[in-house]
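[1] Okay, sequence plus prediction incoming.
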Amino acid sequence: MTRRRAILFDRDGVLNEQVLINGAPGPPPDLAGYRLLPTALAAVERARTLGYAIAVVTNQPDVGRGLITRQSVERIHSWLGEQAPAIERIYVCYHVTADRCRCRKPAPGMLEDAAVDLGLDLAHSWLIGDRWVDILAAQRAGCRSVLVETFQSWLPSSAGDPPADLRPTITVPDTLSAVVAIAEADRLPTDGSP
């Protein structure tokens, strides 16, 4: 069986806007507060037309912290799947850092699960994220990475400080630019033509 190349998208800050919670950006708590970023759907559609398998890999520790319900996250993901039917699967880690699970980024578990479930070739796949934990998860899974850089991309997280030598394969300002840059790196037509 031929393994597929994929683009794996982080969710918050890559596909949707984050909301301010106690002055810090975080995930929207429910579908009513969920807003896609302006380039998100175009980015997913462009990835589809370029022939990539598409999945989402997202940490949602606020469920584990009791701040958001699992049902709210599942409603958001059901709606997201309706808006972007090219998304084949959404992988979610509900754990907090203290759980020391294999799925919470920067661990590579969700990417590895996607590779098995969807028949992916991680060495020829990409992860688009907005935080250093996304970039490290991609590195640990053996795939390439694109950082949608924001003011919080390199800030310490509950996983600690970013490794000093950690670098994404590509850095861009938004999600659609990430897909275009991936196509260019993979020498595919950036206009979506075959």
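    Perfect, I can see it now. Computed from a predicted structure; not experimentally measured. Numbers count the residues shown, from 1 in each chain.

[2] Got the phi and psi for E112?
    Here is the backbone geometry of E112 (degrees, to the nearest 10): phi -60, psi -40.

[3] where exactly do the helices run in the protein?
    Applying DSSP state H to the chain gives helices spanning 40-49, 61-64, 70-83, 109-118, 132-141, 175-185.

[4] what's the average pLDDT for the fifth one?
    Right, helix 132-141. If you average the pLDDT over helix 132-141, you get 98.

[5] Going forward, the N-terminal residue is numbered 41.
    Yep, numbering from 41; the last one is helix 172-181 now.

[6] Touching, S193 and R171? I think so.
    Yes: the criterion here is CB atoms under 8 Å, and S193 meets it with R171 at 5.8 Å. Just so you know, the C-beta spots here come from the backbone N, C-alpha and C atoms, and that holds for glycine as well.

[7] Just want to know which of the two has more residues nearby.
    R171 (26 against 19; other CB atoms under 10 Å).

[8] now the more buried one: how far from S118?
    Separation of R171 from S118 (CB to CB, to the nearest Å) stands at 25 Å.

[9] re earlier: so of the helices of the chain, which one's packed in deepest?
    helix 172-181 (a mean of 24; mean count of other CB atoms under 10 Å).

[10] where in the chain is pLDDT low?
    41, 230-234 (pLDDT under 70).

[11] remind me, longest strand of it?
    strand 93-99 (DSSP state E).

[12] which one of the helices of the chain lies closest to G63?
    Between G63 and the helices of the chain, the shortest gap by CB to CB is with helix 101-104, which sits at 15.5 Å.
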